[in-house]
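Trainee: this one's sequence-less:
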């Protein structure tokens, strides 16, 4: 037990599966979102930034290959060689014609340092022909798909303008599971009017739906988002670091150790972040979570059987 990590991080998974460290390079595939282009709404989710929550992705307008080179340059000093995951991050990265998706996905995979893909999308943008393309890629390359669930509380989902019901997430997971395509579920802690255990219940629900991994995010108040309006009118309770740490540890305690933890807190852009400012010290947040796990002697999955 001494050498066992407190939780099954993505870095831990890569080292155990591939025997090496693997980085992600974030790309902009030139997409929009049905929640922005008028198909469902023009307002988007209330927390989403102007760059579609991809503030650190490559430069839109550059080719996929050029973006990969651009991103590799940024990590050159700490990661000069080695394999990377091409991460299609901002907006909805399956929201397009299948042939366009095929073109950019395979362009990324053709780069000599790219060993697989990560594709962030919405559960309502996984039509059958897209699932077939993902299945084709998954049979030949390492792949995971990221689904922005955020919460299973349907009332909160309406407040954040998610624009799809929980049943759509369930249907998407069934499609992905049927093709053995790994998927990661995004969960946000601190959403407007959420109940204390909403993040925990969302995590447990995602595991029951077969999620391979989870990304836990702290709700950030970003400039020029609709969430900023909530903040300015005091319609939202800002999470304190201690509260966030407690809720994150509770999630880890109740998820199977097989679930890969891709993220424990979000990266805020200091140029656009309004609150909470304590989140800018990501290392401190991660250390605080680790310290709380040690203080309580908790390992991921310790409370897992309590809900089976």
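Mentor: That came in fine, so what should we check first? Since this is a predicted model, take the numbers as computed values, not measurements.
Trainee: Contacts for the lowest-mean-pLDDT helix or strand in the chain, please.
Mentor: Taking mean pLDDT, DSSP states H and E as the measure, the chain has helix 226-232 as its least confident helix or strand, at a mean of 89. For helix 226-232, the surrounding residues in contact (Cβ atoms under 8 Å, 6 or more residues apart in numbering) are 43-44, 46-47, 161, 192, 219, 221-222, 236, 238, 274-275. C-beta coordinates here come from the backbone N, C-alpha and C atoms, glycine included.
Trainee: The same query, at a cut-off of 10 Å, please.
Mentor: Helix 226-232 has contacts (Cβ atoms under 10 Å, 6 or more residues apart in numbering) with 43-49, 159-161, 191-193, 219-222, 225, 235-236, 238, 272, 274-275.
Trainee: Tell me the first helix or strand C-terminal of that helix.
Mentor: Per DSSP states H and E, helix 226-232 leads on to helix 241-254 as the next helix or strand towards the C-terminus.
Trainee: Hmm, residue 293 is touching residue 251, no?
Mentor: No. Residue 293 is not in contact with residue 251 according to Cβ atoms under 10 Å; the separation is 11.5 Å.
Trainee: Now for the two: what residues contact both?
Mentor: With contacts defined as Cβ under 10 Å, 6+ apart, the residues shared by residue 293 and residue 251 are 7, 300.
Trainee: quick one, helices of the stretch 51-200 of the chain?
Mentor: 64-74, 98-109, 128-138, 154-159, 166-178, 198-208 (DSSP state H, counting those that start in this stretch).
Trainee: for those helices, which one ends up most surrounded?
Mentor: Greatest average neighbour count among these goes to helix 198-208 (a mean of 21), per mean count of other Cβ atoms under 10 Å.
Trainee: So what's the gap between that one and the chain middle?
Mentor: Here helix 198-208 is found 15 Å from its chain centre; the criterion is Cα atoms, centre = their mean, to the nearest Å.
Trainee: as a whole number, average confidence for it?
Mentor: The average pLDDT within helix 198-208 is 98.
Trainee: helices and strands around that helix, which ones?
Mentor: Judged by 3 or more Cβ pairs under 10 Å, 6 or more residues apart in numbering; DSSP states H and E, helix 198-208 is in contact with strand 142-150, helix 154-159, helix 166-178, strand 182-189, strand 213-218, helix 241-254.
Trainee: hmm, back to that, just the buried residues of the least confident helix or strand of the chain, please?
Mentor: 227, 228, 230, 231 (16 or more other Cβ atoms under 10 Å).
Trainee: mind putting these in JSON lines, distance to residue 184 included?
Mentor: Below are the buried residues of helix 226-232 laid out as JSON lines (distance: Cβ to Cβ, whole Å):
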{"residue": "227", "distance to residue 184": "23"}
{"residue": "228", "distance to residue 184": "27"}
{"residue": "230", "distance to residue 184": "27"}
{"residue": "231", "distance to residue 184": "28"}
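Trainee: Between these, which sits nearest residue 104?
Mentor: Nearest to residue 104 among the buried residues of helix 226-232 is residue 227, at 29.8 Å by Cβ to Cβ.
Trainee: I'd like to know how far the closest one sits from residue 58.
Mentor: Separation of residue 227 from residue 58 (Cβ to Cβ, to the nearest Å): 25 Å.
Trainee: With residue 123 instead?
Mentor: 25 Å.
Trainee: Over to residue 106?
Mentor: 17 Å.
Trainee: Residue 118 too?
Mentor: For residue 118, the distance to residue 58 (Cβ to Cβ) stands at 14 Å.
Trainee: which residues are common contacts for these two?
Mentor: By Cβ under 10 Å, 6+ apart, residue 118 and residue 58 have these common neighbours: 25, 26, 27, 86, 87, 88, 89.
Trainee: So residue 26, which state does it fall into?
Mentor: Three-state call for residue 26 (DSSP: H, G, I helix; E, B strand; the rest coil): strand.
Trainee: any weak-confidence spans in this structure?
Mentor: When residues are selected by pLDDT under 70, those of the chain lie in 1-3, 50-57, 305-308.
Trainee: now do 50
Mentor: Within the chain, the segments meeting pLDDT under 50 span 1-2, 52, 54, 307.
Trainee: Quick check: residue 212 touching residue 138?
Mentor: No. With contacts counted by Cβ under 10 Å, residue 212 stays clear of residue 138, the gap being 11.9 Å.
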